[in-house]
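K.L.:
predicted structure and sequence below. I'll ask about it afterward.
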Amino acid sequence: MCRPMNYLPIFVATTRQHIVVVGEGQMAEAKCRGALKCSARVTLFAAHPTVAMREWERQEQVTLLTRPADPADFAGVRLVYAASEDDACNERVAGWARAAGALVNVLDRPEQCDFITPAIVDRDPVVVAIGTEGAAPVLARQIKADVEALLPSQLGRLATAARNFRDRVSQRLAAGRPRRKFWNAFFASASGSSRLNDEALKSSLDELLDEHARDEAPVGEVAFVGAGPGDPELLTIKARRVIHEADVVVYDRLVSAEILDLARKEAKYIAVGKKGFGAAVSQSDINAHLVAEASRGLMVVRLKGGDPGVFGRLDEELAVLHEAGIATSVVPGITTAAAAAATLEVSLTRRARNSSVTLLTAHDAEGFAEHHWQQLARTGQALAVYMGRRTAAFLQGRLLMHGARADTPVTCIENVSRHDQRAFVSDLSSFTGDLDAARFDGPLMILVGIAARTGAAELRVVAESEVALIKEVAHVAG
C-alpha cells in the first residue's frame, strides 16, 4: 500500500483573497514572488525591505509595511507565509494566523506547515505543480526544468482555446467517451494547431467538432488487462493506455493500489476480489457487472492480476460477453511466475536442470485440485504453484507420495515484485513448516525445483534466522 500523502495537492482560489508574508531578506522575497503570480491582494511585513520589495510597492503590487505584524493583521487572511529567519517570530505569526483561520507556511519547517508551495511550471492557464512534501526542494526544481523542456510555450494558448470552446462541445457531444475522444483528438494535433492564428484555430476546432458530432453513439466494450504481479513499472505501455481510457474498472483483489491509481479518478471502480477458500464475489456477479456496464456504452477494463489467461477464468468471462454481443480485447500481462524468477535472477528453465516448467494451482473451484502427480514429481520437472498458501501441505504430501525427492529445492516468494516482497529457500520436506513460521499471508508463489541463484545462500540464512527466532518466541510463549 502507498504511503499516505502528508499534503493533498490542491489549487486554492485566490481571487478577492488576501495573502500575508512576514519576513526578511531573500527567503521572504521568494515567498512574495510566488504569491504575486496569483490574483490575491498581498501584504508584506518587512522591517528592512529589499530593493525588489520596494519596487513591488512602487508598482502597487504589494502593500509594504515596515512595522511588526500583530494579531489584528490576520483577520480575513486566506494564506500566510511566516518567512522570518527568527524561529520565535515565525511561531508567533503562525499562532496568530491560525487563530484567525488562515493556512500557514512556516519557513524551513515542513512539519509546521498547513500548506507548502510547489515548484511551478506556468503555461497559463496550464499549471504543473511539483512537490516533494518539503523533503527535497532542489529535486523539485530539477523536475520543473525537465517538465518545462517538455511543454511547448504555446500550450497555454491551446488550453485557453479549449476553455473557450468547452460549452459548444458540451452542447453537441454526450458526456464521457464522446467528449474525451474529441479532446484527445484535438490535443493530439496540438503541435500543428499551435502554429495557427486564433481565427484558424477556432475554425479547426469547429471542423473537428462537426466530425465528432456525426459519429454514432459509442459502443461498449470490455478490455481484459493483465496487471502483472503488482509493480506498476511491469505494466505494458498498452495496458497503461487502456487503463487510463476506462470508464469502469472491474478489478481483482491482487491488483495493487499503485496500478488502480493509473485510472482516471472519475472512473467507476468495482472490486470483485476473490480469496482461496475465503469470501469472494461470485463469478455470475462478475459476469453481470461486465455485461451491464458495457451495455451502457462504456469502456470497461477488467483488470486481472498477472496475466488474464493464467488462472484468471478468462474464457468464462469472454464467453458471456460474446454471447451478449459485446466487443472484447485482451492485453497480456507479466505472469507472477516469470516475475518471481526475475526477482531471484534465475530462469524458469535451464539446461541440465529442467527442460520444462508447469504452471499449476493446488486448488480449484471444488477445493483441492488433483493433478497427474507422478508425472509432476518426475526428475527435471519444475513447478510454479499459484495461490498455494492454504494448499501447501496438500502439495507437499502429493509430491512426496509420488516419488519427488525430499531435498528438492523450494522457493517461496510473497508479494512478488512489490516493495514488501519476502522470500526464502527451503526444500520439499520442510518448506511448509518454514512457511508457517514465516507467517507469509500475502499473495504467494511457490517454485518447486528452483532456487535463487544470486545471493541464494544469504537468502536462506536470513530466512532460517527469522524462522528460528519466530519458533523460539512461539516456544517461550507456549
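P.N.:
Received the coordinates, thanks.

K.L.:
residue 137 contacts residue 116, correct?
P.N.:
No. Counting by CB atoms under 8 Å, residue 137 does not reach residue 116; the two are 9.2 Å apart. Yep, even glycine has a C-beta here, placed from its N, CA and C like the rest.

K.L.:
on the three-state scheme, residue 120 is what?
P.N.:
Under the three-state scheme (DSSP: H, G, I helix; E, B strand; the rest coil), residue 120 adopts strand.

K.L.:
that one: what's it in contact with?
P.N.:
34, 37, 127-130, 144 (CB atoms under 8 Å, 6 or more residues apart in numbering).

K.L.:
one more time with 6 Å, if that's ok
P.N.:
Contact analysis of residue 120 by CB atoms under 6 Å, 6 or more residues apart in numbering lists residue 129.

K.L.:
roughly how far does residue 299 sit from residue 250?
P.N.:
Look at residue 299 and residue 250: by CB to CB, to the nearest Å, they are 12 Å apart.

K.L.:
next one: residue 42
P.N.:
According to CB to CB, residue 42 and residue 250 sit 49 Å apart.

K.L.:
if I pick the nearest residue to residue 247 once chain neighbours are set aside, what's in contact with it?
P.N.:
Nearest non-adjacent residue to residue 247, counting by CB to CB, 6 or more residues apart in numbering: residue 298, 4.0 Å away. Going by CB under 6 Å, 6+ apart, residue 298 touches 220, 247-248.

K.L.:
generate a ChimeraX selection restricted to the buried subset of the residues you listed.
P.N.:
Buried members of these, defined by 16 or more other CB atoms under 10 Å, are picked up in ChimeraX with:
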select :220,247,248
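
K.L.:
I'd like the contacts of residue 298 as TSV, with secondary structure appended.
P.N.:
TSV is the format used below for these (three-state DSSP):
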residue	secondary structure
220	coil
247	coil
248	strand
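
K.L.:
nearest to residue 257 among the contacts of residue 298?
P.N.:
residue 248 (17.8 Å; CB to CB).

K.L.:
is it true that the closest one touches residue 268?
P.N.:
Yes. Between residue 248 and residue 268 there is a contact under CB atoms under 6 Å: 4.6 Å.

K.L.:
how much space between the spatially closest residue to residue 256 that is not a sequence neighbour and residue 252?
P.N.:
Once flanking residues are discounted, residue 256 sits nearest to residue 230: 4.3 Å by CB to CB, 6+ apart. Going from residue 230 to residue 252 by CB to CB gives 11 Å.

K.L.:
out of the two, which sits in the busier spot?
P.N.:
residue 230 (25 against 19; other CB atoms under 10 Å).

K.L.:
wait, isn't residue 6 in contact with residue 133?
P.N.:
Yes. Look at residue 6 against residue 133 with CB under 6 Å: they come within range, at 5.2 Å.

K.L.:
look up phi and psi at residue 62.
P.N.:
Main-chain dihedrals, residue 62, degrees, to the nearest 10: phi -130, psi 160.

K.L.:
and this protein, what are its domains?
P.N.:
Here the domain parsing of the chain from automatic domain parsing is 18-117, 155-213, 221-333, 337-477.

K.L.:
pLDDT of the third one, averaged?
P.N.:
Yep, that's domain 221-333 we're talking about. Domain 221-333 shows an average pLDDT of 91 in the prediction.

K.L.:
next one: the second one
P.N.:
Averaging pLDDT along domain 155-213 yields 80.

K.L.:
off-centre distance for it?
P.N.:
Centre-to-centre, domain 155-213 and its host chain are 29 Å apart (CA atoms, centre = their mean, to the nearest Å).

K.L.:
what do you get for the last one?
P.N.:
Using CA atoms, centre = their mean, we find the averaged C-alpha position of domain 337-477 to lie 29 Å away from the chain's own average C-alpha position.

K.L.:
okay, and the beta partners of the nearest residue to residue 238 once chain neighbours are set aside?
P.N.:
The shortest distance from residue 238 to any non-neighbouring residue, by CB to CB, 6+ apart, is to residue 331 (5.3 Å). Note on residue 331: beta-bridge partners residue 225, judged by DSSP bridges.

K.L.:
isn't residue 331 up against residue 239?
P.N.:
Yes. Look at residue 331 against residue 239 with CB under 6 Å: they come within range, at 5.1 Å.

K.L.:
secondary structure element for the residue nearest the centre of the chain?
P.N.:
Taking CA atoms, centre = their mean, the centroid of the chain lies closest to residue 258, which sits 2.9 Å from it. Per DSSP states H and E, residue 258 falls inside helix 257-260.

K.L.:
buried sites along that helix?
P.N.:
The neighbour-count check on helix 257-260 (16+ other CB under 10 Å) flags 258-260 as buried.

K.L.:
what segments of the stretch 151-300 of the chain are helices?
P.N.:
For the stretch 151-300 of the chain, the helices defined by DSSP state H, counting those that start in this stretch occupy 155-172, 177-188, 190-193, 198-213, 237-245, 257-260, 283-295.

K.L.:
dump these to TSV, plus distance to residue 354.
P.N.:
What follows is those, written out as TSV (distance: least, CB to CB, whole Å):
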stretch	distance to residue 354
helix 155-172	55
helix 177-188	47
helix 190-193	52
helix 198-213	55
helix 237-245	30
helix 257-260	32
helix 283-295	34
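
K.L.:
out of these, nearest to residue 427?
P.N.:
Proximity to residue 427 (CB to CB) singles out helix 257-260 among those, at 34.3 Å.
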